[in-house]
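Asks: Starting from these lines, generate the structure:
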Amino acid sequence: MLAALSKKFKNVDNIIFTLYGVIAAAFVLLLLYIGFNIQDEIYSYQANPTYTTLKANECTTISDASAPLGVKNQCTLELEHQKQASSVLMFYVIHQSVEVYHKGELLYSLKPDSSHTSYKTPGNNWIIVPILEEHTTLQIILTPAYETSINIYPEFYYGNEHALRMKIISNSILTFIVSALAIIVGLIFIGFKILTLKNPEFDSSLIMMGLFSVNIGLWKLTDLSSNSLLFAPNVVLSYIPFISLLLVIIPFSMYIKSILTTKIKVLWNIPCIVSILISLTTLLFQILGIYDFREMLIYNHLLMLFVVIIALITITIEIKLAGLSRKLKISITCIGLCFLGLVIDLIFYYYWKGTYITVLGILAFLIYIITLGVISIKDARKLMVIGSTANHFQEMAFHDQLTGLLNRTAYAEHTANKLFDPNDCIIVMCDLNNLKKCNDTYGHDKGDNYIKTSAAMIQQCFSTIGNCYRMGGDEFCVLIKNASISACETYAKKLEKDAEQYTKNHPEEFPIKIACGYTSYDASIDYDIGDTLRRADKKMYQDKINKKTL
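Replies: Next up is the predicted model:
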């Protein structure tokens, strides 16, 4: 029953992994389809070495039936007392289309391509407008793509573009480093698992941690406001954080599931299934133009909180039923930190409507990922050492130490197996003539060399058609499957010629003579393969007598 349940859970895991891969691929295809379709009109300009923060004279929300939400945000800026030669106006917008006017003349526009219905937003962008001498009063009209962008007015900067860029980028350095580190750590875990696919000590939890870390890093890295200074304004970069958050739930859930031992871990299938449903729904609504990624984000945030609750419940039950392991202790501490960081991040996000980004959550997650990753690799390496030692002892148990051939134990293990079928089997028995005389005359070292040389000949001759065993002393056995007696006769004659040729080429060595007898399994007279071996042994003994009389 336990085996059946285990198989059933494994099938569920495989389905979840497959759907996760399909959803991730679908998101990538959607981003490729959307592409870079933002309309962006700017002028070229010269730089000036200073900048200042401007306060808008007036910012209001006005009704406009032509706007998607029926409203627009409008700000007026006076530049007459701030004039500097060759300067720019810069401000950051969040999911808002932008139009900048001077006395009714359009200086700059940024909006999504109206021919595409699969997205509503131009994304999050730093707007850079070159200011000429005649520009005195500017009117900035912001059209929100979502309700959360209504009444969000940017902070305006005026002056040298280079200085402004450096200020913005420097403010993002910490988040960039932490995010990049999370991606690198995740890729290392994934690569490490791929390189050790054939090693069972390294389980799939490393890949789950790796995918989780990569998605967390992508979420924060692509959410940096400085990105729009490095790339052309585009909605693709603004969508990647939403997609990364959608793809982060399943790897995290599957990882936690892998470290639990009790049956309660089946509860982790629930957030995985819910995440798949949310992802598919979000993808479908985005393609059909019903709801945008941003509008569906709240459901994923709720799922993240639900995941934390599931973690607390399952870990509590795990402790009661199975005790508190070292990995579980670390998981509890780190999940607590992650929960605290996540809650703070979400509070900041919703209170400031996405305009203020913190790194507390990703720092906690990064500490968690690195800690558990290092522990998993250390534990796996210990298992590798144990496994290597066990393999060495197993090798010694089933192989003859002098010749390297399989031994009598290996023969007994093979023939006693339930799957072993004696039909179409041929047994070849070999014996070394005059081994005792070699030991008595030249010593046991020469006797051992006689055994090793003969074993190498037998292995070289018969290994292509069967398994060779040293049964003990000077006795050897070859177990052949699906071959004819005539073929065995050919190989036996070859073995005899090889022994004669070796003796001829090495006159200083003790002469090698190998007696050989062989017969096939006969169900009418053999009770088992042991009877076949005994008949082959009698024929070998007769060949031994014949060779001694020569």
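Asks: So what touches the helix or strand harbouring residue 229?
Replies: For residue 229, the element it lies in under DSSP states H and E is helix 227-230. Helix 227-230 is contacted from outside by 92, 123-126, 165, 168-169, 237, using C-beta atoms under 8 Å, 6 or more residues apart in numbering. Backbone N, C-alpha and C define where each C-beta goes, glycine included.
Asks: Name the residues of it that come out as buried.
Replies: Under the neighbour-count criterion of 16 or more other C-beta atoms under 10 Å, helix 227-230 has 227-229 buried.
Asks: just for the stretch 201-350 of the chain, where's the confidence low?
Replies: 201-204, 232-234, 322, 324-328, 330-332, 334-336, 338-339, 341-342, 345-346, 348-350 (pLDDT under 70).
Asks: In helices only, show me the contacts of helix 227-230.
Replies: When DSSP state H defines the helices, the subset of the contacts of helix 227-230 inside them is 165, 168-169, 237.
Asks: which among those end up buried?
Replies: Buried, going by 16+ other C-beta under 10 Å: 165, 168, 237, out of these.
Asks: and residue 541, how many neighbours?
Replies: Residue 541 has 14 neighbouring residues, counting by other C-beta atoms under 10 Å.
Asks: Redo the ones in helices among the contacts of helix 227-230 as JSON lines? Include distance to residue 302.
Replies: Converted to JSON lines, these look like this (distance: C-beta to C-beta, whole Å):
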{"residue": "165", "distance to residue 302": "37"}
{"residue": "168", "distance to residue 302": "32"}
{"residue": "169", "distance to residue 302": "34"}
{"residue": "237", "distance to residue 302": "25"}
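Asks: and of these, the nearest to residue 254?
Replies: Among the ones in helices among the contacts of helix 227-230, residue 237 lies closest to residue 254 (C-beta to C-beta), at 27.9 Å.
Asks: mind checking how far that closest one is from residue 465?
Replies: Distance, residue 237 to residue 465, using C-beta to C-beta, to the nearest Å: 64 Å.
Asks: And for residue 135?
Replies: With the distance defined as C-beta to C-beta, residue 135 ends up 92 Å from residue 465.
Asks: what are the ranges of the helices in the stretch 251-400 of the chain?
Replies: Under the criterion DSSP state H, counting those that start in this stretch, the stretch 251-400 of the chain contains helices at 269-288, 293-322, 326-351, 360-398.
Asks: so for the last one, what's the average pLDDT?
Replies: Think helix 360-398. In this model, helix 360-398 has a mean pLDDT of 62.
Asks: Show me what the following helix or strand past that helix is in contact with.
Replies: Sequence order places strand 406-407 as the next helix or strand after helix 360-398, per DSSP H and E. Under the contact criterion C-beta under 8 Å, 6+ apart, strand 406-407 has outside partners 398-400, 467-471.
Asks: try 7 Å
Replies: Contact with strand 406-407 is made by 398-400, 467-470, as judged by C-beta atoms under 7 Å, 6 or more residues apart in numbering.
Asks: what's the answer for stretch 235-248, then?
Replies: 24, 27, 31, 34-36, 38, 112, 119, 121-124, 212, 215-216, 218-219, 222-223, 227, 231, 278-279, 282, 293-294, 297, 300.
Asks: And for stretch 516-524?
Replies: For stretch 516-524, contacts defined as C-beta under 7 Å, 6+ apart pick out 422-423, 425-430, 485, 488, 492, 495, 529, 532, 535-543.
Asks: From the contact counts, what lies against whichever strand or helix holds residue 493?
Replies: Under the criterion of DSSP H and E, residue 493 resides in helix 485-505. Here helix 485-505 is seen to pack against strand 425-432, helix 444-462, strand 514-520 when contacts are counted using 3 or more C-beta pairs under 7 Å, 6 or more residues apart in numbering; DSSP states H and E.
Asks: With just CA atoms, put it into PDB.
Replies: The C-alpha trace of helix 485-505 is given here as PDB (Å, rounded to 0.1, in the frame of the first residue of the first chain):
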ATOM      1  CA  ILE A 485      27.500 -26.000 -28.600                       C
ATOM      2  CA  SER A 486      29.400 -25.800 -31.800                       C
ATOM      3  CA  ALA A 487      30.200 -22.100 -31.000                       C
ATOM      4  CA  CYS A 488      31.500 -23.200 -27.500                       C
ATOM      5  CA  GLU A 489      33.600 -25.900 -29.200                       C
ATOM      6  CA  THR A 490      35.200 -23.200 -31.400                       C
ATOM      7  CA  TYR A 491      36.000 -21.000 -28.400                       C
ATOM      8  CA  ALA A 492      37.400 -23.900 -26.400                       C
ATOM      9  CA  LYS A 493      39.800 -24.800 -29.300                       C
ATOM     10  CA  LYS A 494      40.800 -21.200 -29.400                       C
ATOM     11  CA  LEU A 495      41.500 -21.200 -25.700                       C
ATOM     12  CA  GLU A 496      43.700 -24.300 -26.200                       C
ATOM     13  CA  LYS A 497      45.700 -22.700 -29.000                       C
ATOM     14  CA  ASP A 498      46.100 -19.500 -27.000                       C
ATOM     15  CA  ALA A 499      47.600 -21.500 -24.100                       C
ATOM     16  CA  GLU A 500      50.000 -23.300 -26.500                       C
ATOM     17  CA  GLN A 501      51.100 -20.100 -28.100                       C
ATOM     18  CA  TYR A 502      51.700 -18.400 -24.800                       C
ATOM     19  CA  THR A 503      53.800 -21.400 -23.600                       C
ATOM     20  CA  LYS A 504      55.800 -21.200 -26.900                       C
ATOM     21  CA  ASN A 505      56.400 -17.500 -26.600                       C
END
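Asks: Would you confirm that residue 72 contacts residue 141?
Replies: Yes. Between residue 72 and residue 141 there is a contact under C-beta atoms under 7 Å: 5.5 Å.
Asks: Those two: who's more crowded?
Replies: A direct count of neighbours by other C-beta under 10 Å for residue 72 and residue 141 places residue 72 higher, at 21 against 18.
Asks: what bridges to that one?
Replies: Beta-bridge partners for residue 72, by DSSP bridges, are residue 62.
Asks: Looking at the buried residues of helix 227-230, which one is closest to residue 272?
Replies: Closest approach to residue 272 among the buried residues of helix 227-230 (C-beta to C-beta): residue 227, at 30.3 Å.
Asks: now the closest one: how far from residue 526?
Replies: From residue 227 over to residue 526 the distance is 78 Å, taken as C-beta to C-beta.
Asks: neighbours around the nearest residue to residue 188 once chain neighbours are set aside, how many?
Replies: Closest residue in space to residue 188, ignoring its immediate chain neighbours: residue 210 at 7.5 Å, by C-beta to C-beta, 6 or more residues apart in numbering. Residue 210 has 25 neighbours, counted by other C-beta under 10 Å.
Asks: just residue 503 next, same as before
Replies: Neighbours around residue 503, by other C-beta under 10 Å: 14.
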